[in-house]
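K.L.:
Make a model of this:
(one chain, ligands or ions: 1)
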Amino acid sequence: MIRDTEALSSEEKDCLQESVNSKDILGIIETHNGKLGGLMAILGDIQTEYGYLPEQALRMAADETGCSLVDLYGVATFYHSFRLEPQGKHRVCICLGTACHVRGAATIVEEFERQLGIKVGQTTSDGEFTLETVNCLGACAIGPIVTVDGHYFSKVDITKVKSILEKVPDLKKVPAGLLQNEEAKAAVSG
Ligand code: FES
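P.N.:
The predicted structure is shown next:
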């Protein structure tokens, strides 16, 4: 089952609504409203606070800034960095840039989708994983590249997908950015 706002029950939606702190949102809006680039800063700060842009927060931003809700959704959907749905605890990102693509990245995407039971852009129903793709992570020579919460896995193929997912609970033991194959295996398992 996929977790998206359309599929949420009314109780879950109420719960999400309650999780938005009106005072915090108003503070963010007040800080940036009317300034150059203020709208982007408001959306950016709201997302930093909540991990995504809750509908209630967007409605408040529309009321306070005088922008229409449609315009705010337009900005939020135009920029890839903004999210309109709650994200999973762990973010799995597969590079689909040219260098990774020619080495089979599309099959890796399919394998992650199969093992997690979700499609790219979706979050597992337990809220653990969000699956995403990106166009280049700047490590083309050692692709295909997969990142999990900012940790890099190089030369990934479909046989490694299961072990990457199994490793996720231990990733917090090593600094983000390290290559998580042979280089960091000892650190993670130790
Ligand atoms: S294309 Fe994948 S890291 Fe550049």
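K.L.:
Return the per-residue confidence for Gly177.
P.N.:
pLDDT for Gly177: 75.
K.L.:
Now do the same for it: helix, strand or coil?
P.N.:
Per DSSP: H, G, I helix; E, B strand; the rest coil, the local secondary structure of Gly177 is coil.
K.L.:
right, and Tyr50 touches Leu58 too?
P.N.:
No - using C-beta atoms under 8 Å as the test, Tyr50 is too far from Leu58 to be in contact (11.0 Å). C-betas here are computed from N, CA, C, even on glycine.
K.L.:
Pull the contacting residues for the closest residue to the ligand within the chain.
P.N.:
Closest residue of the chain to the ligand, C-beta to the nearest ligand atom: Gly97 (2.5 Å). Neighbouring residues of Gly97 by C-beta atoms under 8 Å, 6 or more residues apart in numbering: 105, 134-137, 140, 143.
K.L.:
Out of the residues you listed, name the ones that lie in strands.
P.N.:
Val134 (DSSP state E).
K.L.:
List only buried entries from the contacts of Gly97.
P.N.:
The neighbour-count test (16 or more other C-beta atoms under 10 Å) applied to those identifies 105, 137, 143 as buried.
K.L.:
can I get those residues in CSV with distance to the ligand and pLDDT?
P.N.:
Listed next are those as CSV, based on distance: C-beta to the nearest ligand atom, whole Å; pLDDT from 0 to 100:
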residue, distance to the ligand, pLDDT
Ala105, 7, 97
Leu137, 4, 91
Gly143, 4, 95
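K.L.:
taking those residues one by one, which sit in helices?
P.N.:
With DSSP state H as the criterion, helices contain Ala105 from among those.
K.L.:
for the helix or strand encompassing Leu58, packing partners?
P.N.:
Element membership of Leu58, judged by DSSP states H and E, is helix 55-65. Using 3 or more C-beta pairs under 8 Å, 6 or more residues apart in numbering; DSSP states H and E, the elements in contact with helix 55-65 are helix 10-18, helix 22-32, helix 38-50, helix 69-78.
K.L.:
Quick check: mean pLDDT of the longest one?
P.N.:
Taken as a whole, helix 38-50 has a mean pLDDT of 93.
K.L.:
What are the buried residues along the one helix or strand Gln115 maps to?
P.N.:
Using DSSP H and E, Gln115 maps to helix 105-116. Along helix 105-116, these residues count as buried under the neighbour rule (16+ other C-beta under 10 Å): 105, 108-109, 111-113, 116.
K.L.:
got those residues as CSV, with distance to Ile29 columns?
P.N.:
As requested, the buried residues of helix 105-116 are arranged in CSV below (distance: C-beta to C-beta, whole Å):
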residue, distance to Ile29
Ala105, 40
Ile108, 41
Val109, 38
Glu111, 43
Phe112, 37
Glu113, 38
Leu116, 36
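K.L.:
Having no further points to raise, I will conclude here.
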